[in-house]
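>>> Fold the following and give me the result.
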Amino acid sequence: MSIVPRMLEFNKKFVEEKSYEAYLTDKFPDKKVAVLTCMDTRLIELLPKALNFKNGDAKFIKNAGAILTQPFGSAMRSILVAVYELGAREVLVIGHHGCGMTNLDTAGMVSKFIDHGIDPLAIETLENSGIRMDKFLRGFKSAEEGVMHSVKLIRKHPLFPKDIPVHGFILSPETGAIEVLCQDYRED
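As a prediction, this is how the structure comes out:
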C-alpha cells in the first residue's frame, strides 16, 4: 500500500495546527553555505544536527553519492544558483562512509533495468547514442575519491567563481563525526 494517503492526512493536520510556524524562514541560507551531499536516509536528520544547521541555514543539494557526474547537470546548476542568486559564500561537499555508490555494480544495475521491463534495445540505443551506462551510473572506489572528484569539478568549473571556497568532508553515518578531506579552495 502507498504511503501517500497517510502522508496527506498528516500534512492536513500539520497545516491546520500551524506546525509549520517553527520552520518559517526565507530562501536565502542564513549561514551562506551550499551543501552537496548524499541522499542516504541516514543523513536526513543526522547531517544537519551534526553540523549545527537548522532550517534556513543552508542550501542542501542531494544526489546518489554527492557526486557530480556532469559539469552541466542539475546538481552543478543548483550550486551555481545557490552562489549567484541565493548568497551562498562557501560550498561543502560531504560524503559518508558506507555509501551505496562505493564500487557500484553498473552491469548489475543494467540487469535490474531489464528485469524491471526496460527493453534491452532501449539500453543499446542509449549506448549507441553516446550515453555510456558505466559513466552515467558511475560510482567510486571510496567515499573520499567521490568527494574529491566533486570538489575538483566544482573548483575547475568555468562558471564557478574563484573566490568561493569549496571544502570536502566525510561523515560517519553512525556518529555524525566529520573528517576534513580538504579545507578551502586553495588547498589540495
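
>>> can we go C-alpha only for contacts and neighbour counts from here?
Noted.

>>> Is D57 in contact with K27, as I believe?
No - applying Cα atoms under 8 Å as the test, D57 and K27 come out as separate, 9.6 Å apart.

>>> Tell me which of the two has more neighbours.
A direct count of neighbours by other Cα atoms under 10 Å for D57 and K27 places D57 higher, at 19 against 12.

>>> Now do the same for that one: its pLDDT.
D57 carries a pLDDT value of 97.

>>> Name the SS class of the one residue sitting closest to the centre of the chain, please.
For the chain, the residue nearest the mean C-alpha position is K62 (2.4 Å; Cα atoms, centre = their mean). Three-state call for K62 (DSSP: H, G, I helix; E, B strand; the rest coil): strand.

>>> Equivalent analysis for V81, please.
Per three-state DSSP, the local secondary structure of V81 is helix.

>>> That one and A34: what is the separation?
Distance, V81 to A34, using Cα to Cα, to the nearest Å: 10 Å.

>>> Comparing the two, which shows the higher neighbour count?
Remark: of V81 and A34, A34 carries more neighbours, 27 against 14, as counted by other Cα under 10 Å.

>>> Do you know the pLDDT at the more buried one?
We have a pLDDT of 98 for A34.

>>> if I pick it, what's in contact with it?
A34 is in contact with 58-61, 79, 82-83, 88-92, counting by Cα atoms under 8 Å, 6 or more residues apart in numbering.

>>> try 6 Å
Going by Cα atoms under 6 Å, 6 or more residues apart in numbering, A34 touches 58-59, 88, 91.

>>> hey, which helix or strand in the chain has the poorest pLDDT?
helix 133-136 (a mean of 88; mean pLDDT, DSSP states H and E).

>>> Just the CA trace of the following helix or strand past it, in CSV.
The element immediately downstream of helix 133-136 (helix or strand, assigned by DSSP states H and E) is helix 143-156. Extracted in CSV, the C-alpha atoms of helix 143-156 (Å, rounded to 0.1, in the frame of the first residue of the first chain):
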residue,chain,number,x,y,z
ALA,A,143,33.8,8.0,-0.4
GLU,A,144,36.9,10.1,-0.3
GLU,A,145,37.5,9.6,-4.0
GLY,A,146,33.9,10.6,-4.7
VAL,A,147,34.1,13.8,-2.6
MET,A,148,37.4,14.9,-4.1
HIS,A,149,36.0,14.3,-7.6
SER,A,150,33.1,16.6,-6.9
VAL,A,151,35.3,19.2,-5.1
LYS,A,152,37.7,19.4,-8.1
LEU,A,153,34.9,19.5,-10.7
ILE,A,154,33.3,22.5,-8.8
ARG,A,155,36.6,24.3,-8.4
LYS,A,156,37.5,23.9,-12.1
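
>>> would you list every one of the helices in the chain?
Secondary structure of the chain, counting by DSSP state H: helices at 4-16, 43-50, 74-84, 106-115, 120-128, 133-136, 143-156.
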